[in-house]
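1. Here is a sequence together with a model predicted from it:
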Amino acid sequence: MNNIFIIAAREFKGYFLSPIAYVYLIAFLVVVNWVFFHGFFLIGQADLRPLFTIMPLVFLFFAPAVAMGRWAEERKTGTLELLFTLPVKDWQVVAAKFLAGLVLIAIAVLMALPAVITADLVGNLDWGPVVGGMAGTVLLGGAYLSISLMFSAFTENQIIAFILGIVGCFAMLVIGTPLVAGGSGGAWASFATYAGLGTHFQSIARGVIDTRDIVYYLSVIGFFLYLNLVAVRGKTK
Amino acid sequence: MIQVEHLHKSFGSVRAVAGVSFDVAKGEVVGLLGPNGAGKTTTMRIITGYLRADDGAVTVNGAAVGNGEKDVREFIGYLPEHAPLYTDLEVVEFLHYIARLRSVAKSEIKTRIHEMIDTCGLGNVVGRPVGKLSKGYRQRVGLAAAMIHHPPILVLDEPTSGLDPNQISEIRNLIREIGRERTVVLSTHILQEVEATCSRALIISSGSLVGHGTLDELAHHAQGDAIYTAVVRAGKGELQSALSSLGGLEMRNTFEEGDRTKLVLQGTDGHDRSEDIFNWVVANKWTLAELKRETASLEDVFKELTKENADARCRMQDAGKGTEGSL
């Protein structure tokens, strides 16, 4: 168990040893803040819903960017061989990479706090739903991350991992939308609507945390981390 | 210490390892010698647990190597080919990371790192990011990481590849030193490496073990094919007709040089035939101007063994092509 933290700590440190983390975070914040404030003063309400509406879309690019190199780089430089000949279980490595990425995503969400505080300063903000909303956003980011990490495990090429990550996350996002899920009733419609990442985020965006949604996100994360493990094992065995 | 039994591993239709079996006893320094693509790296990857064999078994220190068998990996220190390292970390940070993952006690880590820096000569590059080191130093860092948990067994894949002669000699000295206390299995396609560092060699070619033994045994194995060059003052025709009385030798070539003939003969039964040739020349009342005996070197043994196998493989593949589908 300890191994997970040791590896995650190193992975996380690795983000900051190169310009990567800084570039990501800055880009993320610029986009999020711009989109948020752009309509904020016009509407004149201390409402954070726009924030929670754009974050999933920005994460669509942010999560694959965070994940794209995690496995691809290791495979390319050969350090995967180093890592997997250490007395460390492969699932621990998968969990560690996820954890490191999740912390980075959590930091990104936290750094949106200034926007939140601004809203609070100009209006009266109800903090409960905000905190819940941010936690939910981290969960959504985690789901995207798990999907993107899986794709990173398939290839040595970071660009391909990035693109597949976006496509995969996008697919999971829109599968719940009416266009893909289809009309009311029918097995496919209900399944697809349930499976969509966006569907479960709607209540979170309103500040409502439903345990069913939490279970959903945790299941998605677990599912894709498992696939990640299978992909990694398949490539090395 | 290490028992490899009937190992098989294929990648798609390519048979990388086809039925390799060997043992390595404690304290030995064994060289896996073979041309590129022979299956050395694949064999090592199976031993170290990175790849899983299709068939066969590997036992290390009494425990079986298998998927998720972390116990066995604790006994082994592995330096993969091209020494992959985490290039963004500094040397000490990297060694620290590996030491922690190797469950080296926290209190011990600092001492171990110093020890490795001394043993592997990393004093000059301690604070540098691994990515900025020369290949020679990277190899040494890799070696340090492989040894930091004091494993009883070291597996080194082409430890001197890509190094300049000075670096090669340093690494070989290091390996010899390490080999005094540990069991070492190293792979190489350079014969001198085996001659310089190993007590025993396993020759692998096209996925099969084609020769094994101590270096002396291997050289001895080749002595049956000793080549004799004799320069005799006699005509070619005379020599050829009298050749039948010379046992244990086969004629390879004759060259006429003025009134002398150079005769190239090959031994067929492993006995030293120099005296027989001398006596034969005397019995026929010729004069012996020169007699030379050359035994096959390790290089010749290597070429012979690996060529045969490669040819056999090609023939098998050609024969099989008709029945198998395209790749």
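-> On my side now, so go ahead.
2. What parts of chain A come near chain B?
-> By C-beta under 8 Å from any C-beta of the partner chain, the residues of chain A that approach chain B are A:3, A:6-7, A:10, A:14, A:17-18, A:77-79, A:81-82, A:84-90, A:236-237. Placement of C-beta: from N, CA and C, glycine included.
3. Based on its surroundings, how many neighbours for residue 167?
-> Let's take chain A. 14 (other C-beta atoms under 10 Å in any protein chain shown).
4. please go with chain B instead
-> Neighbours of B:Q167 (other C-beta under 10 Å): 17.
5. what does B:G66 give?
-> B:G66: 12 neighbours (other C-beta under 10 Å).
6. how close does it get to B:V58?
-> 9 Å (C-beta to C-beta, to the nearest Å).
7. Could you give me the buried positions within the helix or strand hosting A:V130?
-> According to DSSP states H and E, A:V130 maps onto helix A:127-154. Residues of helix A:127-154 classed as buried under the neighbour-count rule (16 or more other C-beta atoms under 10 Å in any protein chain shown) are A:129-130, A:132-134, A:136-154.
8. wait, what's in contact with the spatially most central residue of chain A?
-> The C-alpha lying nearest the average C-alpha coordinate of chain A belongs to A:G141 (C-alpha atoms, centre = their mean; 2.1 Å). A:G141 sits next to A:59, A:62-63, A:102, A:105-106, A:108-109 when contact means C-beta atoms under 8 Å, 6 or more residues apart in numbering or on different chains.
9. Take those and keep only those in helices.
-> The helices in this structure, assigned by DSSP state H, contain A:59, A:62-63, A:102, A:105-106, A:108-109 from these.
10. Identify, from the residues you listed, the entry nearest to B:K236.
-> Set against B:K236, the nearest of the ones in helices among the contacts of A:G141 by C-beta to C-beta is A:A63 (83.4 Å).
11. Report how many residues lie close to that closest one.
-> Counted with other C-beta under 10 Å, A:A63 comes out at 29.
12. Roughly how far does the nearest residue to it once chain neighbours are set aside sit from A:L57?
-> Of all residues not flanking A:A63 in the chain, A:Y144 sits nearest, at 3.5 Å (C-beta to C-beta, 6 or more residues apart in numbering or on different chains). Plainly put, A:Y144 is 11 Å away from A:L57 if you go by C-beta to C-beta.
13. Please apply the same query to A:T77.
-> For A:T77, the distance to A:L57 (C-beta to C-beta) stands at 33 Å.
14. For stretch B:160-174, what is the distance to the chain centroid?
-> The chain centre lies 16 Å from the centre of stretch B:160-174; the measure is C-alpha atoms, centre = their mean, to the nearest Å.
15. got the buried residues for it?
-> Here stretch B:160-174 shows B:160-161, B:163, B:167-168, B:170-172, B:174 as buried, counting by 16+ other C-beta under 10 Å.
16. quick one: contacts for whichever residue of chain A sits closest to chain B?
-> Of all residues in chain A, A:G78 sits closest to chain B, at 3.3 Å by C-beta to the nearest C-beta. Residues in contact with A:G78, defined by C-beta under 8 Å, 6+ apart, are B:80-82, B:84.
17. Likewise for B:L156?
-> Neighbour list for B:L156: B:78-79, B:143, B:146, B:175, B:184-187 [criterion: C-beta under 8 Å, 6+ apart].
18. roughly how far out does the host helix or strand of B:R293 sit from the chain middle?
-> Using DSSP H and E, B:R293 maps to strand B:287-294. A distance of 34 Å separates the centroid of the chain from that of strand B:287-294, by C-alpha atoms, centre = their mean.
19. what does stretch B:82-97 give?
-> With C-alpha atoms, centre = their mean, you get 28 Å for stretch B:82-97.
20. now swap in stretch B:57-69 and tell me
-> With C-alpha atoms, centre = their mean as the basis, stretch B:57-69 stands 23 Å off its chain's centre.
21. What pairs with whichever helix or strand B:V231 is part of, parallel or antiparallel?
-> Per DSSP H and E, B:V231 falls inside strand B:227-233. According to DSSP bridges, strand B:227-233 has the following sheet partners: strand B:260-267 (antiparallel), strand B:287-294 (antiparallel).
22. May I have the phi/psi pair for A:L86?
-> phi -90, psi 160 (degrees, to the nearest 10).
23. Once you drop chain neighbours, what's closest to it?
-> A:L86's closest residue in space is B:L101 (C-beta to C-beta, 6+ apart), at 5.0 Å.
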